[in-house]
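Undergrad: Model the following, please.
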Amino acid sequence: MTAKIVGGVTVALNDGPVRIEVGPSLFDGAPTARLVIGEGAGAVAISVTDSPAETLDNLAEQVARLAAWTRRMKSLKTLPEVA
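TA: Numbering: from 1, shown residues only. Okay, here's the model as predicted:
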């Protein structure tokens, strides 16, 4: 099984919120889990119900890389200019 993107989506994370939702599916009541970015009608959810733990581990690793990149970019902005 591979990831499915239904239409192209870009989400500006900004300051979130990011949360998880677990519980019965709104469609058929089956257990479900998803990562939710944003709030209300503008929220985007990524279902992880059928994802193997390894895929979620990879997601966590990639998020850690993004966090490191963001910190690096922030530190570069605070460096003094060199003539």
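Undergrad: Number of residues surrounding residue 43?
TA: 13 (other CB atoms under 10 Å). All C-beta spots, glycine's among them, are computed from the backbone N, C-alpha and C.
Undergrad: Can you give the distance from the helix or strand bottoming out on mean pLDDT in the chain to the centre of its chain?
TA: Least confident helix or strand, the chain: strand 44-47 with a mean of 90, by mean pLDDT, DSSP states H and E. Here strand 44-47 is found 8 Å from its chain centre; the criterion is CA atoms, centre = their mean, to the nearest Å.
Undergrad: Pass me the low-pLDDT residue ranges in this structure, would you?
TA: 1, 6, 83 (pLDDT under 70).
Undergrad: all strands of it, in order?
TA: 18-24, 31-37, 44-47 (DSSP state E).
Undergrad: Which strands or helices does the shortest one pack on?
TA: For strand 44-47, the elements it packs on are strand 31-37, judged by 3 or more CB pairs under 8 Å, 6 or more residues apart in numbering; DSSP states H and E.
Undergrad: What is the strand it packs on packed up against?
TA: Right, strand 31-37 is packed against strand 18-24, strand 44-47 by 3+ CB pairs under 8 Å, 6+ apart.
Undergrad: Listing partners with orientation, what would you give for the longest one?
TA: By that I understand strand 18-24. strand 31-37 (antiparallel) (DSSP bridges).
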